[in-house]
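*Asks:* Build me a model:
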Amino acid sequence: MAASCVRRAVLRLSRFRGPGQGPPRPPHRPQPVTSQRHSACCVTASRHESTSHNNQKRGAAGGVLLAAVAFSLFGSSEEDQRDEAQRKEDEMILLLKKAKLSIHREQMQAASGFLHQAIVLAHQTHNNQAIIYTYSLMANLAYVQGQLDNAEKLFKASLSVMLSGGTPQDDNAVIEMSLKLATIYAEQNKAELAEHGFRFCTESLEAKLQEAVPEEPTEEQEALRKETRLLLGLCLDSRARYRASTLHLKQAGQDYQNALNICRQEQGDAHPQTLVLMSDLATILDLQGRHDEALVLVQQAVDLSRDAGHPDQHVLLGNLAGILLHTGRLDDSVRVYQEALSLARQAGDQEAVDQIQEGLKEVKRRSQDRKQEDRTGPAEDNESV
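*Replies:* As a prediction, the model looks like this:
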């Protein structure tokens, strides 16, 4: 449930005007040519000239009329094409909005239907930005639904469109997509692919951050550098969680510490993401048996979260209670678990509720074991008696 240091790139749908979206140029159309039929009859020169002049006038008028009709036809066709393209774009934008609203309401089947309609329109209009954005939404939806194989294919399709369109491999958008793939490989227990993906992401970002910085960078350059650092923090956080799940605790702790340093520097000590990273690092220290260090760190995170009104305060309290349990402070552990349980129920976080209740059961078991020892004493003492 750890939060992540990440910016969310939002593509503006109103700017979905990809290459080739402009109106087509009308083909060259030569002016109509009129022919003059010469009479076989003998006519005077003046009458011949007059007739010829009148014919030329009629021919010129006809030419102007035909040209006007032709221009009108081509103008209408061109306008129709623009109207059709705009209609499809408007429909696509509406479908994407409906899909995001459905996802927010957890109506996943409806969201999937809207997205499939939107991707058809995106391809019809040859709008690469819309294709990438829609594929990304479809992939995220598949990931949330646990359809990892489908999510992997969709993320790869999105990456393919980005790279074929000329986006550099070290572009932040490419790295963010690659990170999602690495996370999927981690969940699929594809260790080699996961490690390779995490390494590509972190090394690419670190290389970008080592590039020379102008003495007086522009606001845009500063914003990009901050974005790159936060994305590196997200990569380190994701890799730390993966390494913790595979019990590579020392490496996980290093990644968490580096991610925490970035969050503190870029977003401040009391930022919600900073506090979650503090709690996660404390959990790793606790697993390593470094309970006192873990307790100091997680207590600091909880104290700051109370002042900041952290949305996941129940998670931080649950971690604090667990560490108190491991240090043998059972009464304090129960008190904090109970507070965490109340907040988790208010937040509707059933996963946290289940974990907290398991923690309370463990506290009860240890408390009973301790009472039993107090009554009977150690086993070796009973034997001597």
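
*Asks:* any weak-confidence spans in the chain?
*Replies:* For the chain, residues meeting the criterion pLDDT under 70 lie at 1-76, 377-385.

*Asks:* the helices in it, which residues?
*Replies:* Remark: helices assigned in the chain by DSSP state H are 45-104, 108-124, 128-144, 148-164, 172-187, 191-209, 219-245, 249-267, 272-287, 291-308, 313-326, 330-347, 350-376, 379-384.

*Asks:* As a markdown table, the ones you listed with mean neighbour count would be great.
*Replies:* Where C-beta positions appear, they are placed from N, C-alpha and C, glycine not excepted. A markdown table is the format used below for the helices of the chain (neighbours: other C-beta atoms under 10 Å):
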| stretch | mean neighbour count |
| --- | --- |
| helix 45-104 | 13 |
| helix 108-124 | 18 |
| helix 128-144 | 22 |
| helix 148-164 | 17 |
| helix 172-187 | 20 |
| helix 191-209 | 17 |
| helix 219-245 | 20 |
| helix 249-267 | 19 |
| helix 272-287 | 24 |
| helix 291-308 | 18 |
| helix 313-326 | 25 |
| helix 330-347 | 18 |
| helix 350-376 | 14 |
| helix 379-384 | 8 |
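
*Asks:* any idea how far E106 lies from V144?
*Replies:* 9 Å (C-beta to C-beta, to the nearest Å).

*Asks:* cool, and G309?
*Replies:* Applying C-beta to C-beta, one obtains 27 Å for the distance of G309 from V144.

*Asks:* now R264
*Replies:* When distance is defined by C-beta to C-beta, R264 is 30 Å away from V144.

*Asks:* So L343 sits against H314, correct?
*Replies:* Yes - with contact defined as C-beta atoms under 8 Å, L343 reaches H314; the gap is 3.7 Å.

*Asks:* which other residues reach stretch 131-142?
*Replies:* Residues lying outside stretch 131-142 but in contact with it, judged by C-beta atoms under 8 Å, 6 or more residues apart in numbering, are 11, 13, 96, 99-100, 103, 108, 111-112, 115-116, 118-119, 122-123, 148, 150-151, 154-155, 157-158, 161-162, 177, 180.

*Asks:* at 7 Å what do you get?
*Replies:* If you take C-beta atoms under 7 Å, 6 or more residues apart in numbering as the criterion, stretch 131-142 is touched by 11, 96, 99, 103, 108, 111-112, 115, 118-119, 122-123, 150-151, 154-155, 157-158, 161-162.
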